[in-house]
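Chemist: Provided below are the primary sequence and the corresponding predicted coordinates.
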Amino acid sequence: MAIRLRIGTRKSAMALVQTEQIARQLAAAVADIDVEIVKFETTGDIDQTSKLLQHGGKGGAFVAEIRDAVRAGKLHAAMHSLKDMPGNEDTPGLVIGATLSRESASDVLVLRPGISLEEFRRSRGKGFKIGTNAVRRAAYARRLFPEVEVIHFRGAADTRMRKLDQKQKQRLPGGGETGPADALIMARSGLERVRLAGRIAYEFSRAEMLPAVGQGIVAVECAIDDWQTRGILACIDDLETHRCADAEREVLWVLNGHCNSPIAGYSSIDGAQMSLTASVLDEAGLMFIEASGRGPADRPRELGRAVALELLAKGASDIIERSRPR
């Protein structure tokens, strides 16, 4: 008798590609499994104008409804981009049962057709509008290109690309418009998933723009007491990626960051050792704190905690509090 597994996901093209990847890996790893993909149109997908803060950040906009369905027993599991999952709060009754092998965590610059990278570099961003909805990317963009104008820009990866190419203006929360954008900052992994990587004009190094915590990682969440599902998901769990996720998310937990906090973090494993770098910026990109550490790969949370405590010792809490919504 086949094992049936219902996995919830957003309806966006990128989310479906990620969930189909999970289904393929499960089919290859588990005999007689029948994976049903259940599509959700989340609050963040329906409202592509408001700032995500209005919906409780990415967690409220993209994750909450699918999580509720898992808790209610309507789904066995849920697919999330790990960077969309809040890391500064408890998730009662749920656990990450698997993380797929990490894809690229890099951020990239995409330019509107007719604009060259050389032209952008010569201007140092002056006179250009860069679109992003991520406060971290906006902060780094202002740090790298002090004269650039960063504008609010939302939508799925393919939607944002269409708006860029068609010189569409972006509606602003509360009314009015901004744009059109001349360039976008996006995740390389997202563009690769929707087959638009050919549009990448420049890939930022981690020294230039540290990724979001969990960027490039696909996570599968399930009920903490659903041992059958946890056992199934363990068959596709990538241990190295899972350890990196634990280290990076520990930084968010210790810092008590929120959806309006420009916090970044990236870890990697080399043999038995793990390295982690994390940073906190203000939204203007003027204040910048960074910390790095190294430790045993099998103790990721301890490394994450040590790096986060170093950030706090350098004044990170003041930056985070100033960015907290009033």
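Modeler: All right, it came through fine.
Chemist: Which residue lies nearest the spatial centre of this structure?
Modeler: Among the residues of the chain, the one closest to the centroid is residue 83, at 2.8 Å (Cα atoms, centre = their mean).
Chemist: ok now do it, which residues does it touch?
Modeler: Applying Cβ atoms under 8 Å, 6 or more residues apart in numbering, we find residue 83 in contact with 58, 212, 213, 214, 215, 217. Every C-beta, even on glycine, is put in place using the N, C-alpha and C of the backbone.
Chemist: for these, which one is nearest residue 40?
Modeler: residue 58 (14.5 Å; Cβ to Cβ).
Chemist: all helices for the stretch 51-200 of the chain, in order.
Modeler: 57-58, 64-71, 117-123, 135-144, 157-165, 188-193 (DSSP state H, counting those that start in this stretch).
Chemist: So which of these is nearest residue 279?
Modeler: Nearest of the helices of the stretch 51-200 of the chain to residue 279, taken as Cβ to Cβ: helix 135-144 at 8.9 Å.
Chemist: Other residues contacting that closest one?
Modeler: Contacts with helix 135-144, where a contact means Cβ under 8 Å, 6+ apart, come from 107, 125, 130, 132, 148, 150, 185, 204, 208-210, 212, 259-264, 281-286, 288, 323.
Chemist: Tell me which of the residues you listed fall in helices.
Modeler: Judged by DSSP state H, helices contain the following of the contacts of helix 135-144: residue 323.
Chemist: So among the contacts of helix 135-144, which ones count as buried?
Modeler: Among the contacts of helix 135-144, those scoring as buried are 107, 125, 130, 132, 148, 150, 185, 204, 209-210, 212, 259, 261-264, 281-283, 285, 323 (criterion: 16 or more other Cβ atoms under 10 Å).
Chemist: Please report the distance of residue 268 from residue 124.
Modeler: Going from residue 268 to residue 124 by Cβ to Cβ, to the nearest Å gives 31 Å.
Chemist: Return stretch 172-187 as CSV; C-alpha atoms alone will do.
Modeler: What follows is stretch 172-187, C-alpha atoms only, in CSV (Å, rounded to 0.1, in the frame of the first residue of the first chain):
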residue,chain,number,x,y,z
LEU,A,172,3.2,52.0,-2.9
PRO,A,173,1.5,51.0,0.4
GLY,A,174,-1.0,53.7,1.2
GLY,A,175,-1.3,54.9,-2.4
GLY,A,176,0.9,56.4,-5.0
GLU,A,177,3.5,54.8,-7.2
THR,A,178,7.3,54.6,-7.5
GLY,A,179,9.7,53.7,-10.3
PRO,A,180,10.1,52.3,-12.8
ALA,A,181,13.2,50.4,-11.6
ASP,A,182,16.4,50.4,-13.5
ALA,A,183,17.8,47.4,-11.7
LEU,A,184,16.8,44.8,-9.1
ILE,A,185,18.7,42.9,-6.5
MET,A,186,17.6,39.3,-6.3
ALA,A,187,18.7,35.8,-5.2
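Chemist: starting at the chain centroid, how far to it?
Modeler: Remark: stretch 172-187 is offset 19 Å from the chain centroid, using Cα atoms, centre = their mean, to the nearest Å.
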